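Q: Give the three-dimensional model of this entry:
(2 chains)
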Protein chains: 2
Amino acid sequence: MQFINAIDFMFPLLANTTEAADSSLVLAAVLLSLVVVYFASKLGGELSNRVGLPPVLGELVGGVVVGVSVLHLLVFPEGGADASSSLIMTFLQLTAGLTPEATPAVFTAQSEVISVLAELGVIILLFEIGLESNLKDLMAVGIQATVVAVVGVTVPFAAGTIGLMTLFGIDAVPAIFAGAALTATSIGITSKVLSELGRLNSKEGQIILGAAVIDDVLGIIVLAVVASLAKDGVVDVSKVIYLIISASGFLLGAILLGNVFNKTFVAIADMLKTRGELVIPAFIFAFLMAYLAAIIQLEAILGAFAAGLVLEETDKRKELQRQVCPIADMLVPIFFVTVGAKTDLGVLNPAIPTNREGLIMATFLIIVAIFGKVITGFSVFGQPQINRLAIGVGMIPRGEVGLVFAGVGAASGALSKPLGAAIIMMVILTTFLAPPLLRFVFPDSDDGTNNSEQLILDASTDKPLALETQSSVVSTSGDSGNVS
Amino acid sequence: MQFINAIDFMFPLLANTTEAADSSLVLAAVLLSLVVVYFASKLGGELSNRVGLPPVLGELVGGVVVGVSVLHLLVFPEGGADASSSLIMTFLQLTAGLTPEATPAVFTAQSEVISVLAELGVIILLFEIGLESNLKDLMAVGIQATVVAVVGVTVPFAAGTIGLMTLFGIDAVPAIFAGAALTATSIGITSKVLSELGRLNSKEGQIILGAAVIDDVLGIIVLAVVASLAKDGVVDVSKVIYLIISASGFLLGAILLGNVFNKTFVAIADMLKTRGELVIPAFIFAFLMAYLAAIIQLEAILGAFAAGLVLEETDKRKELQRQVCPIADMLVPIFFVTVGAKTDLGVLNPAIPTNREGLIMATFLIIVAIFGKVITGFSVFGQPQINRLAIGVGMIPRGEVGLVFAGVGAASGALSKPLGAAIIMMVILTTFLAPPLLRFVFPDSDDGTNNSEQLILDASTDKPLALETQSSVVSTSGDSGNVS
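A: Residues are numbered from 1 along each chain as shown, chains lettered A, B, ... in the order given. Sure thing, here's the model as predicted:
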């Protein structure tokens, strides 16, 4: 009987031992899953970094290796996997006395916990990105970002929908779904890569970030339209109006609130004398904003990003960045490895007939997906010196957002199996291609310097490395010219 | 449709929308629960600190206030609560469109996630305590700690069991169970209070910590004996031998491994170039050790503590402490608030007949619980200058460990309702009394200085506060004379 069972043996005295056994096994399963996640993320991230690619790509690939596609260590029930296909469950049966009867419950609980940890990871990531961004800088490129977002939504949508209908003879509703899936931009992957390249606060980075946020909001509206179309053939106008109003209200409210809440937050943090005096109030704020964003049908991560932006304007910013950094180091990899682990590369297997049919459509979708976003860079006006290709490439990854469209489409029954597989292939390829492409369109300066710095520091002690991590945060903030 | 549903819309295309809705609501419920946890912990911790008591007491009380005893914001199914009694679920129904049908599933998932986060919190806490402790210092007081632990197990056990049998006419098996519950010491609460008082690395602190670890191991063995006694009246000798061998093997193995793994860990961390280069390898090690400890029937937290001790001997110690600090700030409060939230003060209500009967036994148990541990301080030999009272008081809190005994006893059917309630009253009172008592038996020096320092810094900016947190960690490590 273990200490970790304590939680289940609480009052009243009715607790029973089988429940307790489960709880300790769930913890064991979560611990083992985290060990697998961290191994995959570090191995993948480091190897990716060695060959000059963004670490996050390695984390995604590491996730694929431990996930449903290869090793089956980390599988999830939503992927259609059951407990018996999870190697971690098998391992627990061998080592921890997990019985076959108790396995499904432990498997479900473990998947639930890891999924929520992954969600918390991406929430912390966007909070951190918000902390490293500057609202005024973002507003300064607001019009360009809006243009990029709108072009990046309309061009792939129109080209994808019309192309599928004319070239492949697909019906209007499924074609519109596929077109909608092409509009997404994964703010998580894009912002992480930009941060890794030290380009988050470059003008290009700010435009990409701003456009990705707007794209996210547009995507939510497009999805609502498409989903109601698929459901009963008509658009639910009231829902669309509600979404537009709530999204604008939330973003405007966050900005206005920011000016007031800044001082309150600093005052509260200064009053507190016990440990966590900065991180806990910050997380209360970030999690509340994430919750608010989630319940008004926006995304939780947008709330966390807004909270980060608000706190960026306080003079606690640097200390908060310093403290959030290790928390992000702990939680963010869970998100990327989980995304990789849930990616079933089986859809790329040409031996399966529906895949073969899907592959041709996928080729078309991928071309539209890449060129439809790359073109957005050339819609930026009034910035002659800007790296237009980088902006376009930054908008390419569909990531989790693209999968939402595929999932809703599949659930609504509107998508045929080949078209569904084609959309998923498009999402996988754009997601995995974007980090190396971004690396190559941002070839010089910051990043190059970082690399050579690392090589020089290679032989020395650990201190400079630790400092370097910090100084890169400071220097990227410095880029935006607002070190307070 | 929200981004946070993405995780559920993964491959294959069979995902259905109801599952997805749940997942986004589970995240919303977890975010809201965390906001409640953080509010309760900060409000309680700060108020407790203001009146000169350890913050952790305030976190426990804050948990009681938001938990099953008062506000019903944070309730858990193990406490016999169902989803309808959770105010967070009611709130989600009002704000987030949670349907009554979906509520039980969301409630279960939310409770599971928060419970695991709490477990991760106490694992990180013990890892951090290990990082702040020193193996050689602990070994130097090893014999005293063993004596304290053995006295602290045998005296309360004998006095409690014999007292219940002779004074209250209780049967042998339930009396032995109650006696066993008296042997526990909550390493989590004790170590946290010591750390807050800046006394973790005092000689008294080291003896308490060492004794609490040994007490934990002894407690596991006692519980195995008692549980098999309750089950079929005979002691399962093979299980006891297995536990003794595996516990000794694990602790010895950890110490030996420490000397080898030190260098490997530093070499690995030096090789890594991407973010999390220190925290991720450290957590891989800590979680593996926690997993190993858990599956050999020890406690996960003992594994994490051993991992912390091993890494304390590397020259990465300070940087690791600095990075683990905010992670602990984020996760540890979840543990203490959860313990408080699960504590049902209803057992103290004398209006309920079984409680009245229990209250008399509880009074006896509490006296034995306090004096049986306070006496341990006087068993320390060869340390004339030592604060014997402080050592004894440090062993008082039963915390979660005491509840394990109560839970196993209740589940086995051996305990009558009044005796069960009496044990729980004893656990509650020793847990909540120990932090203020410890504060008063450690009256002077370090802690006093800290307090006055804080008062001086009160009016200034936040920087000194942040620095103070760090410097207090450094200074406590410095006490043990091994700053490398």
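Q: okay but A:Ala29 is in contact with A:Thr90, surely?
A: No - here A:Ala29 does not reach A:Thr90: they are 11.3 Å apart, not a contact under C-beta atoms under 8 Å. Every C-beta, even on glycine, is put in place using the N, C-alpha and C of the backbone.
Q: When the two are compared, which one has more neighbours?
A: A:Ala29 (28 against 16; other C-beta atoms under 10 Å in any protein chain shown).
Q: for the stretch 201-350 of chain A, which spans come out with low pLDDT?
A: Residues of the stretch 201-350 of chain A meeting the criterion pLDDT under 70: none.
Q: Can you show me the helices along it?
A: Using DSSP state H, counting those that start in this stretch, the helices of the stretch 201-350 of chain A run over A:203-232, A:237-271, A:279-295, A:300-312, A:317-342.
Q: Is any residue of the first one near chain B?
A: Yes - judged by C-beta under 8 Å from any C-beta of the partner chain, helix A:203-232 and chain B are in contact via A:216, A:220, A:223-224, A:227.
Q: ok and that helix relative to helix A:237-271, angle-wise?
A: Interaxial angle, helix A:203-232 versus helix A:237-271 (axes from the mean of the first three to the mean of the last three C-alpha atoms, to 10 degrees): 140 degrees.
Q: Okay, buried residues for helix A:203-232 please.
A: Buried residues in helix A:203-232, counting neighbours by 16 or more other C-beta atoms under 10 Å in any protein chain shown, are found at A:203-230.
Q: Out of the helices of the stretch 201-350 of chain A, indicate the one that is most buried.
A: The highest mean neighbour count among these, using mean count of other C-beta atoms under 10 Å in any protein chain shown, belongs to helix A:300-312: a mean of 28.
Q: Against which helices or strands is that one packed?
A: helix A:103-132, helix A:135-140, helix A:187-196, helix A:203-232, helix A:237-271, helix A:279-295, helix B:17-50 (3 or more C-beta pairs under 8 Å, 6 or more residues apart in numbering or on different chains; DSSP states H and E).
Q: Now that helix - C-alpha only, PDB.
A: Extracted C-alpha coordinates of helix A:300-312, given in PDB (Å, rounded to 0.1, in the frame of the first residue of the first chain):
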ATOM      1  CA  ALA A 300      -8.200  29.000 -24.500                       C
ATOM      2  CA  ILE A 301      -4.800  29.800 -25.900                       C
ATOM      3  CA  LEU A 302      -5.900  33.100 -27.200                       C
ATOM      4  CA  GLY A 303      -6.900  34.100 -23.700                       C
ATOM      5  CA  ALA A 304      -3.500  33.000 -22.400                       C
ATOM      6  CA  PHE A 305      -1.800  35.000 -25.200                       C
ATOM      7  CA  ALA A 306      -3.800  38.100 -24.300                       C
ATOM      8  CA  ALA A 307      -2.900  37.600 -20.600                       C
ATOM      9  CA  GLY A 308       0.800  37.400 -21.500                       C
ATOM     10  CA  LEU A 309       0.500  40.600 -23.600                       C
ATOM     11  CA  VAL A 310      -1.100  42.400 -20.700                       C
ATOM     12  CA  LEU A 311       1.600  41.400 -18.200                       C
ATOM     13  CA  GLU A 312       4.300  42.100 -20.800                       C
END
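Q: quick check: angle from it to helix A:279-295?
A: Here helix A:300-312 points in a direction 140 degrees away from that of helix A:279-295 (the same axes, to 10 degrees).
Q: tell me the contacts of the most centrally placed residue in chain A?
A: Taking C-alpha atoms, centre = their mean as the criterion, A:Gly188 is the residue nearest the geometric centre of chain A, at 3.2 Å. By C-beta atoms under 8 Å, 6 or more residues apart in numbering or on different chains, the residues touching A:Gly188 are A:122, A:125-126, A:301, A:335, A:399-400.
Q: If we use 6 Å, what do you get?
A: A:Val122 (C-beta atoms under 6 Å, 6 or more residues apart in numbering or on different chains).
Q: Can you read off the pLDDT for it?
A: A:Gly188 carries a pLDDT value of 87.
Q: Now do A:Ile352: how many residues are near it, please.
A: 15.
Q: now the residue lying closest to it once chain neighbours are set aside: how far from A:Leu74?
A: Of all residues not flanking A:Ile352 in the chain, A:Gly346 sits nearest, at 7.4 Å (C-beta to C-beta, 6 or more residues apart in numbering or on different chains). A:Gly346 sits at a distance of 16 Å from A:Leu74 (criterion: C-beta to C-beta, to the nearest Å).
Q: Looking at these two, which one has more neighbours?
A: A:Leu74 (27 against 15).
Q: measure the more buried one to chain B for me?
A: Using C-beta to the nearest C-beta, to the nearest Å, one obtains 12 Å as the distance from A:Leu74 to chain B.
Q: Now do the same for that residue: helix, strand or coil?
A: coil (DSSP: H, G, I helix; E, B strand; the rest coil).
Q: Tell me who's in contact with the nearest residue to it once chain neighbours are set aside.
A: Nearest residue to A:Leu74 in three dimensions, chain neighbours excluded: A:Ala341, at 4.3 Å (C-beta to C-beta, 6+ apart). A:Ala341 makes contacts with A:63, A:66-67, A:74, as judged by C-beta under 6 Å, 6+ apart.
Q: For the stretch 351-484 of chain A, which segments count as strands?
A: Along the stretch 351-484 of chain A, counting by DSSP state E, counting those that start in this stretch, no stretch forms strands.
Q: which regions of it sit below the pLDDT cut-off?
A: A:444-484.
Q: count of neighbours near whichever residue of it sits closest to chain B?
A: Proximity of the stretch 351-484 of chain A to chain B (C-beta to the nearest C-beta) peaks at A:Gly407, 2.2 Å away. When neighbours are counted by other C-beta under 10 Å, A:Gly407 registers 32.
Q: Could you do A:Lys192 as well?
A: A:Lys192, neighbours per other C-beta under 10 Å, totals 28.
Q: Correct me if wrong: it contacts A:Val56.
A: Yes - counting by C-beta atoms under 6 Å, A:Lys192 touches A:Val56, with 4.7 Å between them.
Q: tell me what the helix or strand harbouring A:Ile143 is packed against?
A: In this structure, A:Ile143 is located in helix A:142-168 according to DSSP states H and E. Applying 3 or more C-beta pairs under 6 Å, 6 or more residues apart in numbering or on different chains; DSSP states H and E, one finds that helix A:142-168 contacts helix A:172-183, helix A:203-232, helix A:353-374.
Q: Any stretches of the stretch 1-150 of chain A with poor pLDDT?
A: Low-confidence segments of the stretch 1-150 of chain A (pLDDT under 70): A:1-21.
Q: Which residue, other than its chain neighbours, is closest to A:Leu415?
A: Nearest residue to A:Leu415, sequence neighbours excluded (C-beta to C-beta, 6+ apart): A:Gly409, at 4.3 Å.
Q: returning to what we had before: can you tell me which of the residues of helix A:203-232 next to chain B is closest to A:Val235?
A: Closest approach between those and A:Val235, by C-beta to C-beta: A:Ala224, at 8.7 Å.
Q: So that closest one sits against A:Ile241, correct?
A: No - look at A:Ala224 against A:Ile241 with C-beta under 6 Å: they stay out of range, at 10.3 Å.
Q: related to what we said a few turns ago, what about the residue nearest to A:Leu415, neighbour count?
A: The number of residues near A:Gly409, taken as other C-beta under 10 Å, comes to 28.
Q: Repeat that for A:Thr95.
A: So A:Thr95, with other C-beta under 10 Å, has 15 neighbours.
Q: circling back to that earlier point, generate a markdown table for the helices and strands packed on helix A:300-312, with distance to A:Ala178 as supplementary columns.
A: Below are the helices and strands packed on helix A:300-312 laid out as a markdown table (distance: least, C-beta to C-beta, whole Å):
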| stretch | distance to A:Ala178 |
| --- | --- |
| helix A:103-132 | 25 |
| helix A:135-140 | 31 |
| helix A:187-196 | 21 |
| helix A:203-232 | 10 |
| helix A:237-271 | 20 |
| helix A:279-295 | 27 |
| helix B:17-50 | 19 |
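Q: and the gap between A:Pro418 and A:Phe432?
A: The value you get for A:Pro418 to A:Phe432, if C-beta to C-beta is used, is 21 Å.
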